[in-house]
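[1] need coordinates for the below:
(chains A and B)
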Amino acid sequence: MTMLEYDFMQNAFAAATIVATVSGIVGYFLVLRGQTFAGHALAHVGFTGATGAVLIGVAPLCGLVILTVAAGIGMGAMGERLAHRDVAIGIVLALSLGLGLLFLHFFTAYATQATALLFGNVLAVDVGTVWTLLGLGIGSVGVLAVISRPLLFSSLQPELAEAKGVSLRLYSLLFLAVVGLTVAGCVQIVGVLLVFSLMVGPAATALRMTTAVGTGLLLSAALALLEAWAGITLAFYTDWPASFWITALSAGVYFLAALPRPRRTR
Amino acid sequence: MNAIEFNDVTLSLAGHEVLANVSLQIETGEFIGVLGPNGSGKTTLMRAILGLVPASRGEVRVIGRRAARGNPLVGYMPQVRSAGGQLRLSGWEFVAGVVNGHRLGLPFLSKAARAEVDRILELVNASELARRPLAETSGGERQRLLLAQALIGRPQLLLLDEPLANLDPHFQGEVIALATSVQAELGLTILFSAHELNPLLGAVDRVLYLGNGQAALGAVGEVITGPVLSRLYGAEIEVVRVKGRIFVMAGSHDVEHDTHRHDHGTPEMRGFAGLPHDHA
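    Numbers count the residues shown, from 1 in each chain, chains lettered A, B, ... in the order given. Purely as a prediction, here's the structure:
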């Protein structure tokens, strides 16, 4: 029996395709704006949401989405006041994991839930989740498509954008809501702790390798897709966790691209 | 018609009056050097013209209209220029990202918009360097790209906030020459803020000197005088002219340099206070 004849592999590839494409595109803007830490923090907040949902008997993905999007909007609304508050964000991040741990403590299926949420379990994704991910993905990319021009402007040159009538806060808020949605999807594949591997690794690689926005976005999505597919394939044949392979590929490709290159002569 | 009118304008930041009861008129096509010590309100004045700082009293009018955010007739080169520093995006993309940036949609440009970006890059002599990644451009080259950004959308009034900061004298001269040539070609009105008068002496039609909540607008010979500057600094000021250069002195200190000492090292490094230091 070949790999794709298994239902769980079909679901895994479908889910990974959706999530990786969206992560590559949203991640490109996240890295461009220097907000990767915010993405990381949103994932941790999602852990509280997912475990809290389990505790009150709701689907974890539901709690995850609600809390990441709400936290994204909250962070965006705080705007500049939060820009250089690494410590505050870090403490909230730790608190989120702590709360998640507490919620799991009250819940019986402790270990499996925790591992799946923290490190992802793409091979356990069911058809229903794939459809939900498709909906989330279309939502993320749809909103991003509408706001991408002013978002790019306010990322590249915020003072000028503000003078031209672009509301920095509005776009920051909308963008972080999109990041929240994307993070929620990402958690289904690689878990709360490893969202960097899909949202930041491919995008940072693409930003290093390209000089145009269009090609950068394409490369970012393509890399995320290839790394996710290859990770799942390797997991199938080695029986090692898919999340491990995806992080390894993401890191490997990034550091390969980050190698010092011969300087161009002027 | 005047490009800029301030009618009895007071500007406040966080309850503190930066400029009080200022009235002035700047004519279309003028090149105005905006000077004054740190915190005298140069940036606040520009932000008021952009409609970002509302007048707490009086009215600011820009090209016949009340100052308002998003006025397409005003181009702006902000002072905070950390943006894009380490990016490997090309200069072309950096400038193109500004085109129609206030409109919703995808950031991909039409053929006409791409041609407009090319035209403006040509105008500021940056066509070649715009192909390189931003991270590989020098300070002077970056200024040209920022000027190109400010020129997107065909403004009639250009606000340049400290474009000479952190540039050595050679590049300062280049930036001023570029601003002058762009002004001549497009018939713009330019407000050019700087913390030193001398580099601008050959370029400005008039100077706008800010200090102590007040403003003085006029020809260099009218404004850069002991009595006027003493009022603006709130201290005894002497103006010394040496070989076509002008030094603004309080006691034995050159105040234009002193107020920006933190940008350029300690006074010991410059020999003695009052000498024009070279930005080595």
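[2] out of the helices and strands in the chain, which is least certain?
    In the absence of a named chain, chain A is used. Least confident helix or strand of chain A, by mean pLDDT, DSSP states H and E, is helix A:110-119 with a mean of 78.
[3] what are the buried residues along that one?
    A:113, A:114, A:116, A:117, A:118, A:119 (16 or more other C-beta atoms under 10 Å in any protein chain shown). Where you see a C-beta, it was placed from the backbone N, CA and C, and this is true even at glycine.
[4] residues in contact with it?
    A:47, A:50-51, A:54, A:60, A:100-101, A:104, A:107, A:121, A:124, A:187, A:190-194, A:241, A:243 (C-beta atoms under 8 Å, 6 or more residues apart in numbering or on different chains).
[5] just how off-centre is it within its chain?
    Put simply, helix A:110-119 sits 18 Å off its chain's centre (C-alpha atoms, centre = their mean, to the nearest Å).
[6] next: stretch A:93-112.
    Centre to centre, stretch against its chain (C-alpha atoms, centre = their mean), the figure for stretch A:93-112 is 21 Å.
[7] and what of stretch A:70-77?
    Distance, centroid of stretch A:70-77 to centroid of chain: 16 Å (C-alpha atoms, centre = their mean).
[8] so for it, what gets flagged as buried?
    A:71, A:72, A:73, A:74, A:75, A:76.
[9] dump the residues you listed into TSV; add secondary structure, distance to residue B:230 and pLDDT as well.
    Listed next are the buried residues of stretch A:70-77 as TSV, based on DSSP: H, G, I helix; E, B strand; the rest coil; distance: C-beta to C-beta, whole Å; pLDDT from 0 to 100:
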residue	secondary structure	distance to residue B:230	pLDDT
A:71	helix	56	91
A:72	helix	54	91
A:73	helix	53	91
A:74	helix	52	88
A:75	helix	50	86
A:76	helix	49	85
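[10] which of those sits closest to residue A:220?
    residue A:72 (19.8 Å; C-beta to C-beta).
[11] assess the claim that that closest one and residue A:177 are in contact.
    Yes: with contact defined as C-beta atoms under 8 Å, residue A:72 counts as touching residue A:177 (4.6 Å).
[12] just the element for residue 95, please.
    The chain I'm using is chain A. helix A:86-106 (DSSP states H and E).
[13] wrong one, chain B
    helix B:91-96.
[14] nearest residue to the one residue in the stretch 101-250 of chain B that gets nearest to chain A other than its sequence neighbours?
    In the stretch 101-250 of chain B, the residue that lies nearest chain A is residue B:101 (2.8 Å; C-beta to the nearest C-beta). Nearest residue to residue B:101 in three dimensions, chain neighbours excluded: residue A:153, at 2.8 Å (C-beta to C-beta, 6 or more residues apart in numbering or on different chains).
[15] tell me which parts of chain A are close to chain B?
    With C-beta under 8 Å from any C-beta of the partner chain as the criterion, chain A meets chain B at residues A:32, A:145-150, A:152-166, A:207-214, A:216, A:264.
[16] filter these to the buried ones?
    A:32, A:147-150, A:152-166, A:207-211, A:213, A:216.
[17] put the alpha carbons of the least confident helix or strand of chain A into CSV.
    Coordinates of each C-alpha in helix A:110-119 appear next as CSV, following Å, rounded to 0.1, in the frame of the first residue of the first chain:
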residue,chain,number,x,y,z
TYR,A,110,-3.6,14.9,30.1
ALA,A,111,-0.5,13.7,28.2
THR,A,112,-1.8,13.0,24.7
GLN,A,113,-3.7,16.3,24.6
ALA,A,114,-0.7,18.2,25.8
THR,A,115,1.8,16.7,23.4
ALA,A,116,-0.6,17.1,20.4
LEU,A,117,-1.2,20.8,21.3
LEU,A,118,2.4,21.6,22.0
PHE,A,119,4.1,19.7,19.2
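[18] if we can go back for a sec, for residue A:145, see how far away the residue of the stretch 101-250 of chain B closest to chain A is.
    Residue B:101 sits 15 Å away from residue A:145, going by C-beta to C-beta, to the nearest Å.
[19] likewise residue B:107?
    Using C-beta to C-beta, residue B:107 is found at 10 Å from residue A:145.
[20] try residue B:24
    45 Å.
[21] ditto for residue A:190
    24 Å.
[22] where does pLDDT dip in the chain?
    Reading this off chain A. A:79-85, A:108-111, A:261-266 (pLDDT under 70).
[23] my question was about chain B, not that one.
    In chain B, residues with pLDDT under 70: B:80-85, B:257-280.
[24] that one: helices as residue ranges?
    Remark: helices assigned in chain B by DSSP state H are B:42-49, B:91-96, B:111-123, B:139-151, B:169-186, B:220-223, B:226-233, B:255-258.
[25] most neighbours per residue, which of those helices?
    helix B:91-96 (a mean of 26; mean count of other C-beta atoms under 10 Å in any protein chain shown).
[26] contacting residues around that helix?
    Counting by C-beta under 8 Å, 6+ apart, A:156-157, A:211-213, B:84, B:87, B:109, B:113-114, B:117, B:120-121, B:126, B:129-134, B:137, B:141, B:145, B:148-149, B:152 sit against helix B:91-96.
[27] hey, C-alpha coordinates of it in CSV?
    The C-alpha coordinates for helix B:91-96 follow below in CSV (Å, rounded to 0.1, in the frame of the first residue of the first chain):
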residue,chain,number,x,y,z
GLY,B,91,15.1,50.0,-3.5
TRP,B,92,12.6,49.8,-6.3
GLU,B,93,10.2,47.8,-4.2
PHE,B,94,10.8,50.2,-1.3
VAL,B,95,9.6,53.1,-3.4
ALA,B,96,6.9,51.1,-5.2
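[28] what's the distance between it and the middle of its chain?
    Going by C-alpha atoms, centre = their mean, where helix B:91-96 is centred and where its chain is centred differ by 21 Å.
[29] mind checking how far residue A:146 is from residue B:14?
    Applying C-beta to C-beta, the value for residue A:146 to residue B:14 is 35 Å.
[30] then residue B:184?
    Residue B:184 is 40 Å from residue B:14, by C-beta to C-beta.
[31] check residue A:185 too.
    Residue A:185 is 42 Å from residue B:14, by C-beta to C-beta.
[32] more crowded one of the two?
    Set residue A:185 next to residue B:14 and count neighbours by other C-beta atoms under 10 Å in any protein chain shown: residue A:185 wins out with 31 against 5.
[33] residues in contact with that one?
    A:18, A:19, A:22, A:23, A:133, A:136, A:137, A:140.
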